[in-house]
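# predicted model follows, preceded by the sequence.
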Amino acid sequence: MNQQLEGVVLRGHAGGWMVYVELLASTLICQARGRLKKEKTSIITGDRVELDEVSPANGTAVIAAVRERHNVLTRPPLANVDQVVIVQSLSPREWSLHLCNRYLVHFQLELPNCMPVLCLNKADLLEKAEIEPLQKIYQNLGYTVIITSTVTSNGLDELKKCLEGKVSVISGPSGVGKSSLLNVLHPGLKLKVDEREEETGFGRHVTTCSELYSVELGRGKSTTWMADTPGFGIYDLRYPEPSQVSRQFPEIRELAEDCKFSNCLHLVEHECNVLSNMDKVDQKRYESYAQIVAEAQHEKRQRKDSSTKVEAAVKNVGGKQGKGVVVPRLSQRYREQSRRKIRQELVQIDVDDVDDEES
Ligand code: GDP
Ligand code: ZN
């Protein structure tokens with residue numbers, strides 16, 4: 001019997017997983033034990049797993065069990081995350097306070113007890129006098145804000161300090177410099193960096209595979225892990241219920257406690273404590289808040305529409321004790337066609353000898 005070892009899942013690999021085993025200082029290609037497959041146990045990047053049948057010579061092992069997760073991100077799928085670092089670009093062409101807030105809202109919803117860290121990159125492209133007020137807005141709300149530039153190397157030490165010994169997810173729109181940052185922090189990684197400056201945040205994804213990297217920061221002994229979030233774009237950002245958006249804005253959440261109505265959206269309502277204290281809220285943040293509420297309302301309506309369509313397309317065929325089954329509702333045309341077909345078949349049966357009735 002091999003001794004049972006533990007490892008961390010780095011990424012999926014050809015129907016299996018690449019698992020890093022610290023004790024062996026090596027990465028093994030692993031398949032899940034049949035029982036786990038049968039039980040449909042999900043194994044995702046970041047999972048801590050117990051290994052059997054470890055063969056360092058072949059570089060393989062079998063995943064026998066998945067340890068309980070501290071937390072899990074669903075979009076992008078990742079387990080056991082210590083912190084999320086949201087990277088935004090300060091380049092005047094790319095900076096968007098609203099997009100920055102959208103990322104914050106998304107990751108606050110995903111990991112409710114974990115304030116994201118903001119990394120504002122490409123600081124070389126904006127005047128210091130313009131950076132400071134932005135930094136202040138978020139710092140005053142309790143966020144850690146790190147200003148970086150991979151061109152001047154400013155802020156990289158601070159970023160390293162923040163990452164050290166933790167499992168961090170690096171996220172942000174395409175083209176803000178995530179791969180560049182990872183590469184300067186750990187030159188061995190050689191992540192592909194998009195050479196072409198992108199016009200918008202909607203550009204193609206340069207990285208394609210969800211992966212956890214161990215990063216040598218040349219400091220303490222504890223391993224530093226980072227995950228890029230490839231394939232995760234602005235269309236994957238989650239919206240809360242419209243009435244819950246204010247919870248994701250610390251400054252509005254605080255004031256909202258004294259609004260008259262518990263479901264106040266702080267937009268036009270009477271006796272709204274947020275509206276009576278607008279001098280305490282940054283104007284741009286408030287505008288972005290209102291926009292997110294509007295977007296969340298729109299998304300909710302769309303969700304409702306599409307579920308009504310699904311409801312219209314299926315019907316519940318009742319069984320006993322609520323054991324009904326859902327079957328597709330046949331369209332009128334199909335129903336007519338099939339009735340005609342049944343009639344024709346009946347006519348045929350009448351005419352023909354009823355020999356092969358059983359078949
Ligand atoms: P990603 O899509 O977020 O991984 O972004 P990349 O790392 O691929 O970078 C996108 C572009 O921004 C590349 O052309 C980089 O050279 C450039 N870039 C990255 N960091 C900086 C920076 O700090 N300053 C400037 N001026 N450009 C940067
Ligand atoms: Zn209110």
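On my side now, so go ahead. As the structure is a prediction and not an experimental result, all values here were calculated from the model. Ligands and ions are numbered 1, 2, ... in the order given.
# show me how the chain divides into domains.
Domains of the chain are assigned by automatic domain parsing as 5-68, 74-235, 239-306, 314-358.
# show me the shaky parts of the stretch 1-150 of the chain.
Scanning the stretch 1-150 of the chain for pLDDT under 70 picks out the ranges 1-3.
# residues from it in reach of ligand 1?
Residues of the stretch 1-150 of the chain found near ligand 1 (C-beta under 6 Å from any ligand atom) are 121-122, 124-125, 149-150. Placement of C-beta: from N, CA and C, glycine included.
# 5 Å - rerun?
Taking C-beta under 5 Å from any ligand atom as the contact definition, the stretch 1-150 of the chain meets ligand 1 at 121-122, 149-150.
# identify the single longest helix in this protein, thanks.
Selection of the longest helix in the chain by residue count, based on DSSP state H, yields helix 283-313.
# quick revisit: among the residues of the stretch 1-150 of the chain next to ligand 1, which pair sits farthest apart?
Using C-beta to C-beta, these span at most 8.0 Å, a distance reached by 122 and 150.
# make CSV from the domains of the chain and add mean neighbour count to it.
Putting the domains of the chain into CSV (neighbours: other C-beta atoms under 10 Å) gives the following:
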stretch, mean neighbour count
domain 5-68, 17
domain 74-235, 18
domain 239-306, 16
domain 314-358, 10
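# quick one: closest of those domains to ligand 2.
domain 239-306 (3.2 Å; C-beta to the ion).
# one step back: so does the longest helix of the chain get close to ligand 2?
No - using C-beta under 5 Å from the ion, helix 283-313 stays clear of ligand 2, coming no nearer than 11.1 Å.
# so which elements touch that helix?
With contacts defined as 3 or more C-beta pairs under 8 Å, 6 or more residues apart in numbering; DSSP states H and E, helix 283-313 has these neighbours: helix 97-110, helix 250-256.
# would CSV of those with distance to residue 130 be doable?
Output for the helices and strands packed on helix 283-313, formatted as CSV (distance: least, C-beta to C-beta, whole Å):
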stretch, distance to residue 130
helix 97-110, 12
helix 250-256, 21
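# so which of those helices gets nearest residue 217?
Ranking the helices and strands packed on helix 283-313 by proximity to residue 217 (C-beta to C-beta) places helix 97-110 first, at 22.8 Å.
# what's the closest one in contact with?
With contact meaning C-beta atoms under 8 Å, 6 or more residues apart in numbering, helix 97-110 is reached by 73-75, 84, 86, 88, 114-116, 118, 134, 143, 171-173, 201, 234, 237-240, 245, 248-249, 284-285, 287-289, 291-292.
# from these, which land in helices?
The members of the contacts of helix 97-110 that map onto helices under DSSP H are 134, 284-285, 287-289, 291-292.
# so which of those residues comes closest to residue 177?
Ranked by distance to residue 177 (C-beta to C-beta), these are led by residue 134 at 16.4 Å.
# so that closest one touches residue 127, yeah?
No - Residue 134 is beyond contact range of residue 127, at 11.3 Å (criterion: C-beta atoms under 8 Å).
# tell me the centre residue of this protein?
Nearest to the geometric centre of the chain sits residue 75, at 2.1 Å (C-alpha atoms, centre = their mean).
# what about it, distance to residue 153?
Using C-beta to C-beta, to the nearest Å, residue 75 is found at 32 Å from residue 153.
# kindly report the same for residue 253.
From residue 253 over to residue 153 the distance is 37 Å, taken as C-beta to C-beta.
# same check on residue 100?
Distance from residue 100 to residue 153, by C-beta to C-beta: 23 Å.
# residue 135 too?
Distance, residue 135 to residue 153, using C-beta to C-beta: 18 Å.
# ditto for residue 263
Using C-beta to C-beta, residue 263 is found at 48 Å from residue 153.
# likewise residue 23?
Distance from residue 23 to residue 153, by C-beta to C-beta: 35 Å.
# could you report the pLDDT at residue 172?
pLDDT, residue 172: 93.
# leaving out the residues flanking it, which one is nearest to it?
Nearest-residue entry for residue 172: residue 87, 3.6 Å, with adjacent residues in sequence omitted and distances by C-beta to C-beta, 6 or more residues apart in numbering.
# check contacts around the one you found.
Neighbouring residues of residue 87 by C-beta under 8 Å, 6+ apart: 119-121, 170-172, 176-178, 181.
# kindly report the same for residue 50.
4-6, 63-67.
# relative to residue 179, how far out is residue 137?
Following C-beta to C-beta, the distance that separates residue 137 from residue 179 is 27 Å.
# then residue 222?
Counting by C-beta to C-beta, the gap from residue 222 to residue 179 is 24 Å.
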